[in-house]
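Colleague: Return atomic coordinates for the entry below.
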Amino acid sequence: MYKALIGETAVAINTCEGIFSPSGPDKGTLAMLREAAAQTEGTGPLKILDLGCGTGIVGVYLGMIFKDAEIHFTDVDERAVELSRENALANGMEDSGIKAYRSDAFENILDRDFDMILSNPPYHTDFAVAKAFIEGAFRHLALGGKLFMVTKRLDWYKNKLIHVFGGVRITRTEDGYFVFTAEKRSERPANTKPVKKR
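Modeller: Here you go, the predicted structure:
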């Protein structure tokens, strides 16, 4: 169990071994949440997907600041899904606004009208998971919806997001993380040529 103050919002998160960042919030995740909150201030997304939710801190925090939102928590690990639901309820979220279920990337995600999808994908492996997350996010976002993603790698993510979404906003943190924001502006992927690495 740990407690974190994100902005002015206090979040209490129950954790367990084997789930990502069990001792406290990951710095990259916090940077992504700050960016997402800043870009949606005053608008309030209606439907949010915490993709690869782990303990659920992303969805829990957003559910606390956007109280009318429907939050989907998904992870390949069943225990992570259970933890996310428990943490959402423990932090005062209404049960009716919580959807928590197991999914390997977008395998079991049927909705295609998310206003916001957020993910901190594993970036110490190859790019197969990130590729599935980015391509799947485009298909499952509503028009005008945004994907927020954080990693410590720049070039591949930048090129892939431009290739699929047609553009990307990048914020670099002092800790060496990159927060990517990509907006779905059309129903078809951009399929532009990736920017060549120089």
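
Colleague: buried stuff in stretch 94-114?
Modeller: Across stretch 94-114, burial judged by 16 or more other Cβ atoms under 10 Å covers 98-100, 102-103, 105-106, 109, 114. Using the backbone N, CA and C atoms, a C-beta is placed for each residue, glycine as well.

Colleague: what's the average pLDDT for it?
Modeller: Averaged over stretch 94-114, pLDDT sits at 97.

Colleague: which outside residues touch that stretch?
Modeller: Stretch 94-114 has contacts (Cβ atoms under 8 Å, 6 or more residues apart in numbering) with 47-49, 51, 53, 56, 63, 68-78, 81-82, 84-85, 88-89, 129, 132-133, 136-137, 139-142, 145.

Colleague: Just the residues you listed: which are in helices?
Modeller: Mapping these onto helices (DSSP state H) picks out 63, 78, 81-82, 84-85, 88-89, 129, 132-133, 136-137, 139-140.

Colleague: are any of those buried, and which?
Modeller: Buried among these by 16+ other Cβ under 10 Å: 63, 81-82, 84-85, 88, 129, 133, 136-137, 140.

Colleague: For this protein, just list every one of the helices.
Modeller: For the chain, the helices defined by DSSP H occupy 27-39, 57-65, 78-90, 128-140, 155-165.

Colleague: how much space between residue 164 and residue 190?
Modeller: 6 Å (Cβ to Cβ, to the nearest Å).

Colleague: who has more neighbours, those two?
Modeller: For residue 164 versus residue 190, neighbours defined as other Cβ atoms under 10 Å are more numerous around residue 164 (21 against 16).

Colleague: residues in contact with the residue nearest the centre of the chain?
Modeller: By Cα atoms, centre = their mean, the chain has its centre lying nearest to residue 118, at 1.4 Å. Shown in contact with residue 118 (Cβ under 8 Å, 6+ apart): 32-33, 36, 48-51, 58-59, 62, 147-149.

Colleague: Now tabulate those in a markdown table and tack on neighbour count.
Modeller: Below are the contacts of residue 118 laid out as a markdown table (neighbours: other Cβ atoms under 10 Å):
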| residue | neighbour count |
| --- | --- |
| 32 | 26 |
| 33 | 25 |
| 36 | 23 |
| 48 | 25 |
| 49 | 30 |
| 50 | 27 |
| 51 | 28 |
| 58 | 29 |
| 59 | 29 |
| 62 | 23 |
| 147 | 27 |
| 148 | 24 |
| 149 | 26 |
